[in-house]
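Undergrad: requesting a structural model of the entry that follows:
(2 chains)
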Amino acid sequence: MSKPSIPQGTRDFSPELMSKRKFILNTIESVYQSFGFMQLETPAMENLNTLTGKYGNEGDQLLFKILNSGDYIKDLDLNAFDSKSLTPKIAEKGLRYDLTVPLARFVAMHRHEISFPFKRYQIQPVWRADRPQKGRYREFWQCDADVLGTDSLLCEADFIKIYQTVFAKLGIQDYEIRINHRKLLEAVCEKADAKQHFKTITIIIDKADKIGVDGVARELNGIGLNETQVQTVLSLLNKKSLSIETIAEFEQKLSGTESIAKAVEDFNKLIAFCGADLNKIVLDGSLARGLDYYTGCIFEVVPTNVKMGSISGGGRYDNLTEVFGLKEKVSGIGISFGIDRLFDVMEELQLFDGQTSSFADVLFCPMDEAAINYCLPLANQCREKGYKTEIYPSASKLKKQLDYANTKNIKWAIIVGDSEIEKGEVSIKNLVDGNQQTIDIENFVNSIY
RNA sequence: GUGGUCAUAGCUCAGUUGGUUAGAGCGCCAGUUUGUGGUACUGGAGGUCGUCGGUUCGAUCCCGAUUGUCCACCCCA
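TA: Numbering: from 1, shown residues only, chains lettered A, B, ... in the order given. Modelled structure (predicted):
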């Protein structure tokens, strides 16, 4: 028997880790709920034809595929296939790659039962056959929220408020909400007279953070843009805080282009909805986001004092359900938190240090077998009062039982032995300050706080 | 998919210029204290040095492969 192990890029979450993860998860979930989002869950596996072709070539290669059951090669002439054409014959299901495509599939399937606008959130793991590295796992959790069936800019404003609320609650202070507009990017390409290179250009400028302005210029040259064109693109890469003035500046620079009007209109509406609260919002001309289903505003959130990729991303898309054959146009907007990266960021910033996780509030410490029976109804009383309560399962030495309470960060130890049982009492010890008192069982629960 | 890094106790890591018995700290178990914890002291368990193969009289150490790790690129949360 070889040493036990888990697959590459996956992790176990110990109780200690889970209590921290739960804190993040619960925070995000409660904020989503406070904005009226409803929960959706979809299966871990989808039909492979639901998934393939939605993420581009790169994405398709990163899909985990599930082998068919039974004798899946019985009727196949293996020599007639190469590994690529064989795959669809022997694997018809795959693990989900994100939560957006399953959402689109769900909406397409249940369009008649859904009333729009449809606001759903979804917190589930996704899988990518990527090579793991810092902040990148093969199994990780996404926390998505999407609004479908409205193109109001109020949604964008809501999501910005959600970002601000979540990060405030988590204690993350140094971050930047980067925002851009697909139409602004289009206008830039139009201005530079390079519309036909739109997709390539977005991919290149998205790397600006990493390779710098010079690097971007070099790569733009590489795809055949001349110096004027490159300069036109570069002139729009700078980051500025989002404001009426910034927008006006862009409008002026890009006047005469087809796409700029829509971007300006959207930004101005968004600013109006956000009111004065434009804190931490940066208009970043270089933000592009690879996924090409985005059509309007796009977001990305990055921590500014930790070296880490984006911890959230999202944007507006015009017609997500189109590929599933839905005739009526369902536009929408969504964001996604990557809680694994959030976790890494918070761990690095030591934001969990303040919290001591306690796995129970009360531990009953029976000194002999008879005491266990005596404790049972008392423990249930504690639970009814809302305390996490357990009874040590054997009459071990007190030291051992108190040690156990310490490691689980339990505040109250309730010691029960012969003398307590005789008098109908319990001894309650506060493990934080060390005080101990013996009181009547009638109202002992009231002594716990 | 490409390039690099590393792999020794449960964890973090020493160490052996190739040689008899591979160490520390933390953690774990027990005792000092047979009903009073978090501190202290004492003792104990736990490793075929990732796996397979090669070189050698002899390999944890050198070489090769393999698996895993971490990091960077591509792409992305």
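Undergrad: any weak-confidence spans in the stretch 1-150 of chain A?
TA: A:1-3, A:78, A:80, A:82-84 (pLDDT under 70).
Undergrad: try 80
TA: Applying pLDDT under 80 to the stretch 1-150 of chain A picks out residues A:1-5, A:56-58, A:70-89.
Undergrad: need the residues of the stretch 1-150 of chain A near RNA strand B, please.
TA: A:3, A:5, A:7-9, A:56, A:58-59, A:98, A:128, A:130-138, A:140, A:142 (Cβ under 7 Å from any atom of the strand). (Glycine included, C-beta is placed from N, CA and C.)
Undergrad: select from those residues every entry located in strands.
TA: Using DSSP state E to define strands, the subset of these located there is A:F140, A:Q142.
Undergrad: please list only the buried members of the residues of the stretch 1-150 of chain A next to RNA strand B.
TA: The neighbour count (16 or more other Cβ atoms under 10 Å) marks A:G9, A:G59, A:D98, A:R128, A:G135, A:Y137, A:R138, A:F140, A:Q142 as buried among these.
Undergrad: picking up where we left off before, mark which of the residues of the stretch 1-150 of chain A next to RNA strand B are part of helices, please.
TA: A:G56, A:E58, A:G59 (DSSP state H).
Undergrad: turn those into TSV, including distance to A:Q381.
TA: As requested, those are exported to TSV (distance: Cβ to Cβ, whole Å):
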residue	distance to A:Q381
A:G56	59
A:E58	59
A:G59	55
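Undergrad: so where do the strands sit in the stretch 1-150 of chain A?
TA: A:38-39, A:45-47, A:65-67, A:91-95, A:118-127, A:139-148 (DSSP state E, counting those that start in this stretch).
Undergrad: winner for burial among these?
TA: strand A:139-148 (a mean of 23; mean count of other Cβ atoms under 10 Å).
Undergrad: just to revisit the earlier point, wait, which of the ones in helices among the residues of the stretch 1-150 of chain A next to RNA strand B is closest to A:V216?
TA: The nearest member of those to A:V216, counting by Cβ to Cβ, is A:E58 at 20.5 Å.
Undergrad: now do the phi/psi pair for A:E300.
TA: phi -160, psi 140 (degrees, to the nearest 10).
Undergrad: contacts only, for it.
TA: A:I177, A:R178, A:D284, A:L287, A:R289, A:S310, A:S312, A:G313, A:G314 (Cβ atoms under 8 Å, 6 or more residues apart in numbering).
Undergrad: same question for A:S419.
TA: Applying Cβ under 8 Å, 6+ apart, the residues contacting A:S419 are A:E425.
Undergrad: now with 10 Å, please.
TA: Contacts here follow Cβ atoms under 10 Å, 6 or more residues apart in numbering; on that basis A:S419 touches A:M367, A:E425, A:S427, A:T438.
Undergrad: could you dump those into TSV with distance to A:D418, neighbour count and secondary structure added?
TA: Formatted as TSV, those follow (distance: Cβ to Cβ, whole Å; neighbours: other Cβ atoms under 10 Å; DSSP: H, G, I helix; E, B strand; the rest coil):
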residue	distance to A:D418	neighbour count	secondary structure
A:M367	7	19	coil
A:E425	11	17	strand
A:S427	12	17	strand
A:T438	13	14	strand
